[in-house]
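# this one's structure only:
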Ligand SMILES: [Zn+2]
């Protein structure tokens, strides 16, 4: 009974929206991404020919997202699903995609895009992988969007995919990509200049979120607050980190916004170090609304921290 009522309500709402002048929305490609970073890159190249929305929010740990009914609604309407993959979303995305029953976006279908295949991936394990390793990165590091060069590769893959899906807009997507590429190259120059005085600086990070970022900007990650990716801190590992920081005079601990600060704070206390909450994703704080602002924010934080530390 209730279901029927809801369906009627929805049918009444749709013609009202069309009358309000959103008819062109029907012709836009509906892009759903797993993370806000991918949605931002999709908007860069898709412009006004697409609508892009992400499932995970940038302040959430992308490995562990609690499924909600609203996610299913998004996926049911999607023309294209874009995923980070490398098992980043394995705990939550595959069941949602199956339940959406949207044949367009199933893995292997034309409306499914795994952008990891276009990117430079670090920490690809050699040898046999076992569950006992407690590792949430069994196929290589999935936080690869934090290298602007990978951001460029993702944008190119998106432009190509959108062009394939809507050939009549291919020149538009190509022009948007070229413009993004130009703006990114200019921004990269600025970011690299700001970071140049701190090349070779050593840091501790909470999770292994930053290998691509640190590789690009010349930082050296010496150890992690987590003993293994996805495994919470243990007293014995925390002591090792403290000893390492003292021995090597490491002063900076980078923490993602979704981790408990107690262990990093206590490590900083014992080592005279400093904890900074660095954002791994667009939307990590409300002011960071796109891919450019993400690097602006993180690099400003780092430069401020390094310039204070001797
Ligand atoms: Zn991870």
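Received, thanks. These figures come from a predicted structure and were not determined experimentally.

# going forward, measure contacts between C-alpha atoms and count neighbours the same way
OK.

# what segments of the stretch 101-250 of the chain are strands?
Remark: strands of the stretch 101-250 of the chain, listed N- to C-terminal, are 112-114, 202-205, 220-224; assignment by DSSP state E, counting those that start in this stretch.

# identify whichever of those strands lies nearest to residue 189.
strand 220-224 (20.2 Å; CA to CA).

# on that earlier part again, now render the strands of the stretch 101-250 of the chain as TSV, adding distance to residue 182, mean pLDDT and mean neighbour count.
As requested, the strands of the stretch 101-250 of the chain are arranged in TSV below (distance: least, CA to CA, whole Å; pLDDT from 0 to 100; neighbours: other CA atoms under 10 Å):
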stretch	distance to residue 182	mean pLDDT	mean neighbour count
strand 112-114	24	98	20
strand 202-205	31	98	22
strand 220-224	28	98	19
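
# tabulate the ones you listed (a markdown table), appending distance to residue 301.
Compiled in a markdown table, the strands of the stretch 101-250 of the chain are given as follows (distance: least, CA to CA, whole Å):
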| stretch | distance to residue 301 |
| --- | --- |
| strand 112-114 | 31 |
| strand 202-205 | 14 |
| strand 220-224 | 17 |
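
# which among those is found nearest to residue 264?
When the strands of the stretch 101-250 of the chain are ranked by distance to residue 264, counting by CA to CA, first place goes to strand 202-205 at 9.2 Å.

# how about stretch 184-204: buried residues?
Going by neighbour count (16 or more other CA atoms under 10 Å), the buried part of stretch 184-204 is 184, 187, 188, 191, 192, 195, 198, 201, 202, 203, 204.

# show residues contacting that stretch.
Taking contacts as CA atoms under 8 Å, 6 or more residues apart in numbering, the residues outside stretch 184-204 that touch it are 148, 152, 217-225, 250-254, 292, 295-296, 299, 303, 306.

# and for stretch 120-127?
So stretch 120-127 is contacted by 138, 139, 140, 141, 142, 144, 150, 211, 212 (CA under 8 Å, 6+ apart).

# what is the burial count for residue 231?
Residue 231 has 14 neighbouring residues, counting by other CA atoms under 10 Å.

# can you give me the helices in the stretch 201-310 of the chain?
Along the stretch 201-310 of the chain, the segments classed as helices by DSSP state H, counting those that start in this stretch run 211-217, 235-248, 262-271, 291-308.

# residue ranges with poor pLDDT in this protein?
For the chain, applying pLDDT under 70 flags the ranges 1-26, 129-134, 310.

# what's the angle from the top helix by length along it to helix 291-308?
For the chain, the longest helix by residue count, based on DSSP state H, is helix 170-195. Between helix 170-195 and helix 291-308, the angle formed by their directions is 0 degrees, by axes from the mean of the first three to the mean of the last three CA atoms, to 10 degrees.

# can you tell me how far residue 292 is from residue 108?
Applying CA to CA, to the nearest Å, the value for residue 292 to residue 108 is 31 Å.

# these two: who's more crowded?
With other CA under 10 Å as the criterion, residue 292 and residue 108 differ in neighbour count, and residue 292 comes out ahead with 17 against 10.

# and that one, what is it in contact with?
184, 187.

# hmm, back to that, now rank the contacts of stretch 120-127 by neighbours and give me the top one.
Per-residue neighbour counts (other CA under 10 Å) across the contacts of stretch 120-127 peak at residue 142, which has 28 neighbours.
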